[in-house]
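>>> pasting the structure only:
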């Protein structure tokens, strides 16, 4: 990179706690806007007359198409230009399109609005991964990235609870309006309070070479089998993860005859408690065991995925809500253990000036398959099973989705074999 960089000591003392806090706030809005559709699926389906398959497409593929397609070119800009400006623009766009979702009167209008949310969110995550890697040294990155990932359960829980409350008390459209406007108001605060750090300030290779082109980046990644195995493994885990995030509120309404408001509070608590515990545990385990044995960044989540399956089976089949609540906490936590270790590993498989683009390639694979197919697959299977099981069709389609965790675990174990060789010291 051309130009001199400030001394590490000066930049390193910038208020990391505030930086991480505001990044978590932005990521929280990212997931509020992304996951609020899950709780609003019940009134949207009734109001617009949609099928489960259409809801799955709107909640998954509609968002994933542009989110994944634009992620790589936006990340390449982030590897060259201001990441804070890119994230500010992204937050403004996805928030505006969330507000526009409340204006939809049919499936295609809502589909188009969710496409717009995906356009904005394409610039929200990969640049943040790169920023965190330049604010925190290697020994703290897994925990820092885990704390950043708190935005997933916090945002999902807020989206589900807030959406349920507003939809029950007023109208589902106002839920979109309120969270969209709130995100727009956060954007200038983010831009004015976060300074761009020097790239690679805590790494031995500080990225002083000319900025790499896309061919060079893909050439580097082509020699890293662990990168592709981690990306595919994460994508299969996300098929179950995003599918469950989207469909469990509807499952509670249909199979346990809960009200929309009670279902939002019930599942919001599960996501918040289980999600925060699992993400923090993954980050701590990654930093504790992965520094000297890099393969543990893949093995720890692989074991966690396998451990989710018996808990999901018993929780889904449980006849009582109280038992289900405590059982769902465990697989919710275990299913999110992978975030800190795997995202941290991705940052260490390439040079500092390739991190945003490498992260975007990872997110492209993960989200195109995970978001694009997960919610649709579970919804389509539910439609197929409806003739036999009626309102309980979601129960059995979610059970079938646990097979995605088996595939993810297998791919992560395979990735662990080449992790040390692929690591960039």
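On my side now, so go ahead. Nothing here was measured: the structure is a model prediction, and the numbers come from that model.

>>> how many other residues sit next to residue 185?
10 (other C-beta atoms under 10 Å). For every residue, glycine as well, the C-beta is placed using N, CA and C.

>>> three-state assignment of it?
Recorded secondary structure, residue 185: helix (DSSP: H, G, I helix; E, B strand; the rest coil).

>>> One more: residue 54?
With three-state DSSP as the criterion, residue 54 was assigned helix.

>>> On the pLDDT front, check it for me.
Residue-level confidence at residue 54 comes out at 75, pLDDT.

>>> Can you tell me how far residue 100 is from residue 251?
With distances taken as C-beta to C-beta, to the nearest Å, residue 100 is found 28 Å from residue 251.

>>> And the two? Which one has more around it.
residue 251 (24 against 19).

>>> mind listing what that one touches?
By C-beta atoms under 8 Å, 6 or more residues apart in numbering, the contact set of residue 251 is 394, 395, 398.

>>> Of those residues, keep whichever come out buried.
The neighbour-count criterion (16 or more other C-beta atoms under 10 Å) marks 394, 395, 398 among these as buried.

>>> ok, so of those residues, who is nearest residue 133?
residue 398 (35.1 Å; C-beta to C-beta).

>>> so who does that closest one touch?
Residue 398 neighbours (C-beta under 8 Å, 6+ apart): 243, 244, 247, 248, 251, 312, 316, 378.

>>> so which strand or helix has the residue nearest the centre of the chain?
Per C-alpha atoms, centre = their mean, the C-alpha nearest to the average position across the chain is that of residue 152, at 6.0 Å. Assigned by DSSP states H and E, residue 152 belongs to helix 151-169.

>>> Which of the contacts of residue 251 lies at the shortest distance from residue 308?
The closest of the contacts of residue 251, once distances to residue 308 are taken by C-beta to C-beta, is residue 398, at 12.1 Å.

>>> Which pLDDT value goes with that closest one?
87.

>>> And it, how close does it get to residue 173?
For residue 398 relative to residue 173 (C-beta to C-beta), the value is 28 Å.

>>> next one: residue 92
21 Å.

>>> One more: residue 139?
Counting by C-beta to C-beta - residue 139 and residue 173 are separated by 47 Å.

>>> in the stretch 51-200 of the chain, what spans have low per-residue confidence?
The model of the stretch 51-200 of the chain has pLDDT under 70 over residues 59-62.

>>> next one: the stretch 201-350 of the chain
In the stretch 201-350 of the chain (pLDDT under 70), the answer is 202-211.

>>> what about 50?
207 (pLDDT under 50).

>>> could the contacts of residue 398 be laid out in CSV, adding distance to residue 218 and secondary structure?
CSV is the format used below for the contacts of residue 398 (distance: C-beta to C-beta, whole Å; DSSP: H, G, I helix; E, B strand; the rest coil):
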residue, distance to residue 218, secondary structure
243, 30, helix
244, 32, helix
247, 35, helix
248, 37, helix
251, 40, helix
312, 36, helix
316, 41, helix
378, 32, helix
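
>>> What about the residues you listed, which one has the most neighbours?
Going by other C-beta under 10 Å, residue 243 tops the contacts of residue 398 with 28 neighbours.

>>> Confirm for me that it is in contact with residue 382.
No - counting by C-beta atoms under 8 Å, residue 243 sits too far from residue 382 to count as a contact (10.3 Å).

>>> residues bridging contact with those two, i.e. touching both?
Counting by C-beta under 8 Å, 6+ apart, nothing touches both residue 243 and residue 382.

>>> Please report the distance of residue 238 from residue 356.
Taking C-beta to C-beta, one finds residue 238 at 20 Å from residue 356.

>>> ugh, wrong one, residue 278
Taking C-beta to C-beta, one finds residue 278 at 26 Å from residue 356.

>>> These two: who's more crowded?
Neighbour count, other C-beta under 10 Å: between residue 278 and residue 356, residue 356 has more, with 31 against 28.

>>> my read: that one touches residue 80, true?
No - counting by C-beta under 8 Å, residue 356 sits too far from residue 80 to count as a contact (9.1 Å).

>>> got the buried residues for the helix holding residue 152?
Buried-residue list, helix 151-169, by 16+ other C-beta under 10 Å: 151-168.

>>> Then stretch 187-198?
187, 190, 191, 194, 197, 198.

>>> How about stretch 282-290?
282, 283, 285, 286, 287, 289, 290.

>>> Could you do stretch 255-266 as well?
Using 16+ other C-beta under 10 Å as the test for burial, stretch 255-266 gives 255, 256, 258, 260, 261, 262, 263, 264, 265, 266.

>>> how long is it from one end to the other?
14 Å (C-alpha to C-alpha, to the nearest Å).

>>> Which residues does that stretch contact?
By C-beta under 8 Å, 6+ apart, stretch 255-266 touches 39, 42-43, 160-161, 163-165, 167-168, 249, 252-253, 321, 324-325, 391-392, 394-395.

>>> Thank you kindly, that will do.
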